[in-house]
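how would this look folded up:
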Amino acid sequence: MPATIQYRISCVNAQQRYIQFSATFPCPEDHLSIHLASWRPGRYELGNFAKNIKGFRVFDEQNKVLSFEKSNKDTWQIQTTNTQFIRVEYAYYASELNAGSSFLDDQQLYINPVNCFLFTDQQHAYELTLDIPATWKIASSLNFQDNRCEVANFDKLADSPFICSAKLQKESYEVNGHHFHIWFNNQKFIQWEKVLVDFEKFTRTQIQDFTEFPVNDFHFLIQTLPNAAYHGVEHLESTVITLGPNYDVFGSLYKELLGVSSHELYHVWNVKSIRPAEMHPYNFKEENYSVSGFVYEGITTYLGDLYLLRSGVFSLEQYLVELSKQLQKHFDNPARFNYSVGDSSFDTWLDGYTPGAPGRKVSIYTEGCLLAFVTDMKIRQATKDQYGIQEVMKQLYFNFAEKGMGYTWQDYQQTLENVSGISFKDFFDRFIFGTEPYESILVEACTYFGLEIHQVPSASYAEARLGMKVLPKGPDAQVIAIYPGAPADNGGLALNDEIIAVNNMRLQGNLDQWLTYEEEGMKTVLVNRGGRLIEKSLPEVNRFFYQTHSVKKLDFLDQHQRKAFKYWANLSID
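Predicted coordinates for the structure are as follows:
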């Protein structure tokens, strides 16, 4: 009887996008339940991966077909009486290429095992054999030898993506005895010297704050694409990053490459090691609800960018552009008055990665980032800049992750209070689990570090004066957001309305020009609403709605601000 689950993966007829799997399972009992994961870590929503399964068949050791039945969307029940092992064959449709998917074509086999590998209720090791072209290399944290590898259990396998391709290129660097490998797939021109210097800088700075790194080797698996792409997914020993188009990866997209890479590296500590109790261990069969998204995604978003500043990879101006983007997303979302970041974290399983119902929920990335910024300030203020939020994460790592324990949000709050010496109860009540406005605490945090928030009306007339955001749709303008109480709202416009004309003037991709040209006062727009033409009057008022927010350094910093800025940004001000 096989002591392990033995998998053979092949990619014949790659143009069909079906990866072929053959797996042998030991059968210790008369009945075997086989599962496909319902979700993947890093994406806190149901993945419904079983929709990609085709041709599921089961055979015993005599190659006799066995019957089975499904008990839910991704569980198969098999009677295995008098059977030592079974073989399961199936094909997985792999047509989507992002950082969390699996993909097959004539140039590569890319697998996130959590999408497509089966597991049982028992703990088993896995043996993998890949049938791939001889010219293809393998990029992975898994130790493939001659296209074969062994994996200790499903948790490790699910967390270990791999890319097989002839177009892989790799360079490595070392920090404190840990080895980091950067793989590019399908990228013709790579500025290796620049990449290695910058990656080494932010890696070294992150490790310095934690004092250790959880694994010996780490792999950046970077898929560059011909189309626009920006995505990253964390794993303990690797990350997959998709970025494109290829020709701009070392142009305007380079800062995005640095940002997502620093973010995903920080995840090695925060969520892959420091993990909420609700996900420790992961339950791949159902939702893993947690209110702590403001920690595992919010703090990672904040510190991922801050480490680029602290390591000297980003200039202050570059960093403040990224912080300003988070501010802009926060102020553009009226849902901040409706739903807390804690509640929104719990509900990522409903609609955390789609726009969802207008004005209903907020982003754990954006709100969590801004609250981490404020929390960092509060700790530094209370400790006279001796500690910041990095010390909190370090203590969570050693007190929970290193001991094999998950943390609760109460543990996080207690650690904040232990480090700072002040209470965070009011902060949690008002901002983590409440919906009070952030303006005052953001201004306070910026002021402490010698920064200020600039607010000016949006350059778009439609946004600033009428309170609607639009996207071009041919010659027309489609409404994608409406500011509550603005003329667009009070005048009766609805999301997805297509504005055709302004004051009887037909649009030709020039909505803002006609709005600006017409006299102030009443604007009449003709809209297409689901095939019905409707005329709406939008009465202007003497105020602005959508505004542009940015963070700038003050021209003059006092002595306390200079000190705070230096310890926060790791920069001195001349």
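
which stretches of this protein have low pLDDT?
Applying pLDDT under 70 to the chain flags residues 1-2, 574.

need the contact list for the closest residue to residue 167 other than its chain neighbours.
In space, not counting the residues next to it along the chain, residue 167 is nearest to residue 186; the distance is 4.9 Å by Cβ to Cβ, 6 or more residues apart in numbering. Quick note: C-beta positions are derived from backbone N, CA and C, even for glycine. Contact partners of residue 186, counting by Cβ atoms under 8 Å, 6 or more residues apart in numbering, are 107, 108, 165, 167, 223, 224, 225, 246.

In strands, which of these appear?
Using DSSP state E, the members of the contacts of residue 186 that fall within strands are 108, 165, 223, 224.

hang on, the earlier thing: residue 38 versus the residue nearest to residue 167, what's the distance?
As for residue 186, its distance to residue 38 is 31 Å (criterion: Cβ to Cβ, to the nearest Å).

Go ahead and confirm residue 188 touches residue 249.
No: taking contacts as Cβ atoms under 8 Å, residue 188 lies outside contact range of residue 249: 9.9 Å.

Give me the more crowded residue out of those two.
Under the criterion of other Cβ atoms under 10 Å, the comparison of residue 188 against residue 249 puts residue 249 first, with 23 against 11.

for the closest residue to that one other than its chain neighbours, which residues make a bridge with it?
In space, not counting the residues next to it along the chain, residue 249 is nearest to residue 224; the distance is 5.3 Å by Cβ to Cβ, 6+ apart. With DSSP bridges applied, residue 224 shows beta-bridge pairing to residue 243.

Counting neighbours, what do you get for residue 224?
There are 24 residues near residue 224, going by other Cβ under 10 Å.

So it sits against residue 187, correct?
Yes: when contacts are counted by Cβ under 8 Å, residue 224 is listed as touching residue 187 (4.3 Å).

where do the contact lists of these two overlap?
Contact criterion Cβ under 8 Å, 6+ apart; residues shared by residue 224 and residue 187: 246, 249.

So residue 387 is in contact with residue 380, correct?
Yes: with contact defined as Cβ under 8 Å, residue 387 and residue 380 form a contacting pair (7.0 Å).

More neighbours: these two, which one.
Looking at residue 387 and residue 380 with other Cβ under 10 Å, you find the greater number of neighbours at residue 380, namely 23 against 19.

what sits against the residue nearest to residue 249?
184, 185, 186, 187, 242, 243, 244, 246, 249.

Please convert the residues you listed to JSON lines, extending it with distance to residue 121.
Supplementary listing: those in JSON lines, determined by distance: Cβ to Cβ, whole Å:
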{"residue": "184", "distance to residue 121": "39"}
{"residue": "185", "distance to residue 121": "35"}
{"residue": "186", "distance to residue 121": "39"}
{"residue": "187", "distance to residue 121": "42"}
{"residue": "242", "distance to residue 121": "33"}
{"residue": "243", "distance to residue 121": "38"}
{"residue": "244", "distance to residue 121": "40"}
{"residue": "246", "distance to residue 121": "44"}
{"residue": "249", "distance to residue 121": "43"}
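
host element of residue 100?
Using DSSP states H and E, residue 100 falls within no helix or strand.

Who are the contact partners of it?
When contacts are counted by Cβ under 8 Å, 6+ apart, residue 100 is found next to 40, 42, 43, 112, 115, 231, 233, 240.

who's in contact with the closest residue to it other than its chain neighbours?
The shortest distance from residue 100 to any residue that is not its chain neighbour, by Cβ to Cβ, 6+ apart, is 4.5 Å, and that residue is residue 233. Counting by Cβ under 8 Å, 6+ apart, residue 233 makes contact with 40, 42, 43, 99, 100, 112, 161, 239, 240, 264.
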